[in-house]
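Visitor: need coordinates for the below:
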Amino acid sequence: MGTLPQSELRKDIGNQAPARGFTPAEKALIRKVHGYMPTAQLLSILNERLICDLGPDAGLYTLDQLTAEIGDLTPVTPAGGHDWGSLRKLLAKARRDGLLELISEQTINDFAVVFSLNAKQVLNLKDIVLPAKEM
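Guide: Model (predicted):
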């Protein structure tokens, strides 16, 4: 596939239909890698997939579209919020995202080993997270 001159590229982009919304698979990809990959590179990958799926006439995703999607994924809890209200919001978000149901006592124990938590910290974590699963 050859590259087009800038004038042709701009003309082609201007003639394309607007891009569709992100598919569930693309949203999952964005959710998994947006924190590790530059936005421009992620946009390039998504557009390459789109062209492979729908052909060269497909409307490409825009940076604004991707930025809006990433903004929807950004947690709404304030940074450094260590009060009960922030903790409840964080647990509610984890429940909505399906993450809370994946946490078991073994997961907490493994986390404690990796991050060198003391016995009191492990007990506090279990007392907060495990009952929240049952709600």
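Visitor: can you map out the helices along the chain?
Guide: Assigned by DSSP state H, the helices in the chain fall at 6-15, 24-33, 39-54, 63-73, 84-96, 105-114, 119-134.
Visitor: would you reformat these as TSV and include mean neighbour count?
Guide: All C-beta atoms are positioned from the backbone trio N, CA, C, and that covers glycine. TSV is the format used below for the helices of the chain (neighbours: other Cβ atoms under 10 Å):
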stretch	mean neighbour count
helix 6-15	10
helix 24-33	14
helix 39-54	14
helix 63-73	13
helix 84-96	14
helix 105-114	12
helix 119-134	13
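Visitor: weakest of the ones you listed in terms of mean pLDDT?
Guide: With a mean of 44, helix 6-15 has the lowest mean pLDDT of the helices of the chain.
Visitor: quick one: the residue most central in space within the chain and Asn47, what's the gap?
Guide: Closest to where the C-alpha atoms of the chain average out (Cα atoms, centre = their mean) is Arg31, at 1.9 Å. Distance, Arg31 to Asn47, by Cβ to Cβ, to the nearest Å: 18 Å.
Visitor: Ile103 too?
Guide: Applying Cβ to Cβ to Ile103 and Asn47 gives a distance of 35 Å.
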